[in-house]
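> coords below, sequence missing:
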Ligand SMILES: [Zn+2]
């Protein structure tokens with residue numbers, strides 16, 4: 001379990017390329033991306049992003065949880081973003097997971113969290129619900145430009161899911 005040590009070592013050797021002197025913390029392209037934490041999703045090359053372009057908010061599923069909305073609210077209200085792109089994906093760990101079993105496992109450890117896992121049975125439906133939650137969140141002053149994409153890690157394809 002030496003990852004943390006390795007990471008520190010690598011970062012030390014790369015300080016010159018990691019430095020961003022003078023780069024604004026305000027996203028250059030005024031966009032925030034909410035995406036699943038899945039290891040196969042490499043957002044920067046996928047979306048043509050460079051450092052400084054966008055806020056990246058990731059969690060299990062890429063779901064519009066309270067905390068994701070907190071981050072998006074800060075992104076818009078404090079740092080000027082005006083657009084949100086949501087990226088969910090085929091083969092997500094939450095797809096078909098059991099909300100009940102997960103809650104039972106937590107309960108067995110004496111934990112009764114206020115949050116839910118966010119398991120879903122249909123990916124497109126989950127994405128549409130996700131977009132609907134964002135579009136109805138008054139924490140976000142800019143809700144005109146919210147789009148949702150599905151990535152397929154097997155083929156590399158990214159497609160949009162349109163909301164009726
Ligand atoms: Zn996922």
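Noted; the coordinates are in hand. Small disclaimer: the values here were computed from a predicted structure and weren't measured.

> tell me if I am right that residue 35 is in a strand.
Yes: using DSSP: H, G, I helix; E, B strand; the rest coil, the assignment for residue 35 is a strand.

> so the residue lying closest to it once chain neighbours are set aside: helix, strand or coil?
With CB to CB, 6 or more residues apart in numbering as the criterion, residue 35 has its nearest non-adjacent residue at 3.9 Å, and that residue is residue 87. Glycine gets a C-beta too; all of them are placed from N, C-alpha and C. Under the three-state scheme (three-state DSSP), residue 87 adopts strand.

> got the residues of this structure near the ion?
Applying CB under 5 Å from the ion, we find that the chain lies next to the ion at 36, 38, 92.

> most surrounded residue in the residues you listed?
residue 92 (24 neighbours; other CB atoms under 10 Å).

> phi, psi of that one?
Main-chain torsions, residue 92, degrees, to the nearest 10: phi -70, psi 140.

> spell out which residues sit in contact with it, please.
36, 38, 61, 123 (CB atoms under 8 Å, 6 or more residues apart in numbering).
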